[in-house]
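[1] Coordinates for the following, if possible.
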Amino acid sequence: APIFGVDTECRVNVWNQCAMRLVGYSPEEVMGKNLVQEFITEDYKTAVQGVLDKALCGEEAANFEFPLMTKTGVRLDVLLNATTRRDEQGNVIGVV
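    Down below sits the predicted model:
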């Protein structure tokens, strides 16, 4: 399954091989870029940002469908399970 994660500013910090094959971007091309602004279609930016914001507050989401844009410009519908990531002290550090 494609796995990608973002930090508390929604910058990509996890991008696995499956995500790379599916979307066409290498980890080097996506790391540090804003997931919503760079890779989500305009009509879903607000909704996806909302899901990520909720996950950053500890409210996780399952099976949220949204389109990612591939490197070749193809709209690809994916299901998102937004899980809050925490450090050893329990502080929220992002979403995966």
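
[2] pLDDT averaged over the helix or strand encompassing V14, what's the number?
    Assigned by DSSP states H and E, V14 belongs to strand 12-15. Averaged over strand 12-15, pLDDT sits at 97.

[3] just the strands in the protein please.
    4-7, 12-15, 61-69, 75-82, 84-86, 92-95 (DSSP state E).

[4] TSV please, covering these and showing distance to L22 and mean neighbour count.
    The way it works is simple: take the backbone N, C-alpha and C, and place the C-beta from them, glycine included. Shown next, in TSV, are the strands of the chain (distance: least, CB to CB, whole Å; neighbours: other CB atoms under 10 Å):
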stretch	distance to L22	mean neighbour count
strand 4-7	10	20
strand 12-15	11	20
strand 61-69	8	15
strand 75-82	7	14
strand 84-86	21	15
strand 92-95	19	20
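
[5] Throw these into a markdown table and include distance to D43, thanks.
    Formatted as a markdown table, these follow (distance: least, CB to CB, whole Å):
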| stretch | distance to D43 |
| --- | --- |
| strand 4-7 | 20 |
| strand 12-15 | 21 |
| strand 61-69 | 8 |
| strand 75-82 | 10 |
| strand 84-86 | 26 |
| strand 92-95 | 21 |
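
[6] closest one to V23 among the ones you listed?
    V23 lies closest to strand 61-69 among the strands of the chain, at 5.9 Å (CB to CB).

[7] Determine the set of other helices and strands touching that closest one.
    Judged by 3 or more CB pairs under 8 Å, 6 or more residues apart in numbering; DSSP states H and E, the packing partners of strand 61-69 are helix 45-56, strand 75-82.

[8] who's in contact with the first one?
    Identification of contacts with helix 45-56 by CB atoms under 8 Å, 6 or more residues apart in numbering yields 6, 8, 10, 35-37, 40, 60-61, 64, 66, 80, 82-84, 92, 94-95.

[9] and if you look at stretch 11-31?
    1-7, 32-35, 38-39, 68-72, 76, 78, 94, 96.

[10] wouldn't V6 be in contact with G94 here?
    Yes - with contact defined as CB atoms under 8 Å, V6 reaches G94; the gap is 5.4 Å.

[11] lowest-confidence stretch among the helices and strands packed on strand 61-69?
    Ranked by mean pLDDT, the helices and strands packed on strand 61-69 end with strand 75-82 in last place, scoring a mean of 92.
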